[in-house]
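J.: I would like the atomic coordinates for the input below:
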Amino acid sequence: MASRAMLRNAVPSTGRLSYNVKKTSLRAFSTVKPSRQQQQEPATTNEQSAPAQTLKDLVPPTDATLKKPIWRSIAESAEPITPYNMSIGRLMAAGLHLGHSTSLWEPATLPFIFGTREGISIINLEHTLVYLRRACNVAREVAYRGGNILFVATRPGFQDLAVDAARRCEGYHVSGKWIPGTLTNAQQVLGRHATPDPNDPGKVPETFNPDLMVLLNPLENRIAIAEAQLNMIPVIAITDTDYDPRRVTYPIPANDDSIRGVELVAKVISTAAKDGLLRRKQLLDKKDKEARFNRGERRL
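T.: A predicted model of the protein is given here:
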């Protein structure tokens with residue numbers, strides 16, 4: 001009996017062994033609960049370190065910078081479009097590649113058409129980029145030589161574009177209806193609006209014709225194009241797939257129904273004219289300084 005008891009104490013049974021293992025494993029993963037003093041100590045320290053918050057602390061200050069939308073931040077960081085950084089991607093983003101339906105197709109625009117898709121003619125933007133650069137060079141040269149540029153846009157939605165473009169390059173604009181005879185009979189149509197001569201008020205005021213016309217919607221201004229041809233005035237116009245580009249001097253094959261596209265074309269052309277105007281002012285200032293310097297030498 002004694003030997004059996006000693007054997008049981010030395011080698012426990014399988015049941016007792018499994019029980020002991022399970023018990024030790026539970027003890028290993030168990031956490032000891034802290035006492036009440038340990039629970040109260042960190043709470044008191046946090047209360048002493050952190051100050052009491054009020055409603056004013058939760059309200060942000062008025063001078064705090066607000067987060068801008070993503071599209072606005074991208075637009076501000078993007079480089080403005082000028083005649084020197086134009087690209088086919090920007091022209092396509094403005095929708096200038098979309099023409100009219102094939103039922104309204106003008107055969108003279110065949111060299112400018114890339115293809116058709118779902119019954120709509122697609123304009124080749126490679127030609128658009130080349131012709132737009134040529135128009136910018138013409139506007140820059142006219143402004144550099146002191147010529148007057150007239151922007152015409154009579155379609156609703158395009159009127160403000162012509163006004164902004166004219167103000168940008170110190171030009172002129174026609175945003176309402178084109179009055180027949182504005183160029184061919186300018187003395188009768190515009191004579192009453194011209195400023196009189198301060199030295200001779202009784203003299204009939206003199207009117208001037210523009211040196212370059214920029215038409216943003218030539219389809220509705222055929223009379224203006226005819227009068228410009230009679231007065232030998234070059235015309236820059238946006239010609240869509242339903243308009244004959246041979247009627248104007250410098251056509252720009254592009255979509256004339258997209259407001260964003262027309263705004264881009266008007267902005268680029270007016271920016272080029274502004275560049276020519278600044279160069280002219282610099283040249284005149286340089287000549288004026290040279291003239292003053294020569295006068296000073298002669299006096300000495």
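J.: how about residue 204, what does it touch?
T.: Contact partners of residue 204, counting by C-beta atoms under 8 Å, 6 or more residues apart in numbering, are 187, 191. Bear in mind the C-beta positions are built from the backbone N, C-alpha and C, glycine included.
J.: which pLDDT value belongs to it?
T.: On pLDDT, residue 204 comes in at 74.
J.: tell me the pLDDT of residue 125.
T.: 92.
J.: pretty sure it contacts residue 97?
T.: Yes - the pair residue 125 and residue 97 passes the contact test of C-beta atoms under 8 Å, sitting 5.3 Å apart.
J.: common neighbours of the two, please.
T.: 91, 114.
J.: residue 134 should be in a strand, yeah?
T.: No - counting by DSSP: H, G, I helix; E, B strand; the rest coil, residue 134 falls outside a strand, being helix.
J.: isn't it up against residue 250?
T.: Yes - contact criterion C-beta under 8 Å: residue 134 and residue 250 qualify, at 6.4 Å.
J.: tell me which of those two has more neighbours.
T.: Between residue 134 and residue 250, residue 250 has the larger neighbour count (other C-beta atoms under 10 Å), namely 19 against 14.
J.: which parts of the stretch 51-200 of the chain are strands?
T.: In the stretch 51-200 of the chain, the segments counted as strands under DSSP state E, counting those that start in this stretch are 98-101, 113-117, 120-123, 149-152, 172-174.
J.: so for residue 163, which of those strands sits nearest?
T.: Closest approach to residue 163 among these (C-beta to C-beta): strand 172-174, 5.3 Å.
J.: against which helices or strands is the closest one packed?
T.: strand 149-152, helix 159-168 (3 or more C-beta pairs under 8 Å, 6 or more residues apart in numbering; DSSP states H and E).
J.: just to revisit the earlier point, wait, which of the strands of the stretch 51-200 of the chain is closest to residue 83?
T.: strand 149-152 (14.5 Å).
J.: now that closest one: buried residues?
T.: By 16 or more other C-beta atoms under 10 Å, the buried positions in strand 149-152 come out as 149, 150, 151, 152.
J.: what pairs with that strand, parallel or antiparallel?
T.: Looking at strand 149-152 with DSSP bridges, its partner strands are strand 172-174 (parallel), strand 212-215 (parallel).
J.: same list (these) but as TSV, adding distance to residue 164 and mean pLDDT.
T.: Below are the strands paired with strand 149-152 laid out as TSV (distance: least, C-beta to C-beta, whole Å; pLDDT from 0 to 100):
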stretch	distance to residue 164	mean pLDDT
strand 172-174	9	91
strand 212-215	13	94
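J.: which of these is buried the deepest?
T.: Across the strands paired with strand 149-152, averaging neighbours per residue (mean count of other C-beta atoms under 10 Å) puts strand 212-215 on top, at a mean of 28.
J.: please enumerate residues in contact with that strand?
T.: For strand 212-215, the surrounding residues in contact (C-beta under 8 Å, 6+ apart) are 138-139, 142, 147-153, 165, 221, 224-225, 228, 233-238, 248, 266, 269.
J.: where helices are concerned, which of those residues count?
T.: 138, 139, 142, 165, 224, 225, 228, 266, 269 (DSSP state H).
J.: so which of those is the closest to residue 101?
T.: The shortest approach to residue 101 among the ones in helices among the contacts of strand 212-215 belongs to residue 225, at 23.6 Å (C-beta to C-beta).
J.: wait, the closest one sits on residue 239?
T.: No - in this structure residue 225 lies outside contact range of residue 239 using C-beta under 8 Å: 11.0 Å.
J.: mind listing the shared neighbours of those two?
T.: With C-beta under 8 Å, 6+ apart as the test, residue 225 and residue 239 both reach 218, 248.
J.: next up, the contacts around the residue nearest to residue 254 when sequence neighbours are not counted.
T.: Leaving aside its chain neighbours, residue 254 sits nearest to residue 96 (4.1 Å; criterion: C-beta to C-beta, 6 or more residues apart in numbering). Counting by C-beta under 8 Å, 6+ apart, residue 96 touches 123, 125, 128, 254, 255, 258, 261, 264, 265.
J.: apply 7 Å and report the result again.
T.: 123, 125, 128, 254, 255, 258, 261 (C-beta atoms under 7 Å, 6 or more residues apart in numbering).
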